[in-house]
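K.L.:
make a model of this:
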Amino acid sequence: MVLFIKHIDIEGPGTIADFLEDNKIEYTVIDLSSGDNVPKLQKDIQTIICLGGPMNVYEEDKYPFLRDEDALLKKVVDDGIPFLGICLGAQLIAKAAGAKVTKNPEKEIGWYKVVLNDNGLKDDLFKSLPEIFKVYQWHGDTFGIPNGGGRLAFSERCQNQVLKYGRNIYGIQFHVEVTRDMISQWADAYKAELESLKGIVSDKKKMLEDYSRLSKEYIKQAELFYVNFFSIAGILKRTFYSFSR
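P.N.:
Residues are numbered from 1 along each chain as shown. As a prediction, this is how the structure comes out:
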């Protein structure tokens with residue numbers, strides 16, 4: 001079973017859940033912002049996916065669930081449980097592995113190119129993906145690379161876009177899971193942030209126009225990424241998968 005950890009109601013599993021449903025892979029979602037408890041590790045949890053959110057990893061006084069989540073992710077690191085952290089989730093796994101999370105020199109909001117380095121090009125997570133590809137971003141913080149971990153990708157505005165720790169623990173700064181509706185919801189929910197950065201980052205209209213232009217390629221890219229990750233996690237055979245939406 002795949003366990004999703006949500007931190008806010010509007011940042012859900014998106015197209016990852018679509019992929020799992022198409023391939024009849026069982027999953028469950030807990031929403032920490034709605035009062036769900038951080039679960040204990042159980043034998044039926046094969047993979048954990050930690051999603052995004054607007055909070056900072058160090059805001060444990062404001063969001064007490066972050067303290068319990070940090071304890072869980074430390075066990076993930078120690079036990080080598082297959083893991084994917086997205087945006088905030090990537091920052092949380094970096095922190096759990098001993099790295100610092102800091103403000104990025106500039107915010108990335110909208111569509112940007114990321115570049116795989118030599119390690120990324122060799123890693124199975126990016127099998128069949130190009131060296132340079134476009135992703136959707138919404139972040140102001142950045143994670144460091146923990147001791148014993150590695151960097152797999154970078155962008156012009158943010159040097160650490162993908163981290164790997166151990167054999168099957170990954171963190172990605174960008175959002176591979178987004179849908180058009182999610183982008184629209186985020187732009188409305190975080191409207192004040194967008195307005196404060198007017199002329200510096202993309203606005204809602206531009207982000208949605210870019211999604212319409214890039215969506216076919218982006219969904220195909222997501223499909224390859226999911227096949228790779230869930231194959232690494234050991235719950236999907238690379239020779240059989242479906243992604244029909």
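K.L.:
what are the buried residues along the lengthiest strand in the chain?
P.N.:
The longest strand of the chain (DSSP state E) is strand 101-116. Neighbour counts over strand 101-116 (16 or more other C-beta atoms under 10 Å) mark 101, 104, 107, 108, 109, 110, 111, 112, 114, 116 as buried. Using the backbone N, CA and C atoms, a C-beta is placed for each residue, glycine as well.
K.L.:
would you tell me what the next helix or strand after it is?
P.N.:
Remark: after strand 101-116, the chain's next helix or strand is helix 118-122, criterion DSSP states H and E.
K.L.:
what is that next one packed up against?
P.N.:
In this structure, helix 118-122 makes packing contacts with strand 149-154, judged by 3 or more C-beta pairs under 8 Å, 6 or more residues apart in numbering; DSSP states H and E.
K.L.:
list the strands paired with whatever helix or strand comes next after the strand it packs on, with their directions.
P.N.:
Beyond strand 149-154 in the direction of the C-terminus, DSSP H and E gives the next helix or strand as strand 162-165. On the basis of DSSP bridges, the sheet neighbours of strand 162-165 come out as strand 149-154 (antiparallel), strand 169-172 (antiparallel).
K.L.:
so for residue 129, which of those sits nearest?
P.N.:
Proximity to residue 129, assessed across the strands paired with strand 162-165 by C-beta to C-beta, is greatest for strand 149-154 (10.1 Å).
K.L.:
could I have that closest one exported to CSV, CA atoms only?
P.N.:
Coordinates of each C-alpha in strand 149-154 appear next as CSV, following Å, rounded to 0.1, in the frame of the first residue of the first chain:
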residue,chain,number,x,y,z
GLY,A,149,23.0,11.7,0.1
GLY,A,150,23.4,13.1,-3.4
ARG,A,151,22.0,15.8,-5.7
LEU,A,152,20.5,14.6,-8.9
ALA,A,153,19.2,17.8,-10.5
PHE,A,154,19.4,21.6,-10.4
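K.L.:
now do the buried residues in that strand.
P.N.:
Going by neighbour count (16+ other C-beta under 10 Å), the buried part of strand 149-154 is 149, 151, 152, 153, 154.
K.L.:
now stretch 59-73
P.N.:
Going through stretch 59-73 with 16+ other C-beta under 10 Å, the ones that come out buried are 63, 65, 66, 69, 70, 72, 73.
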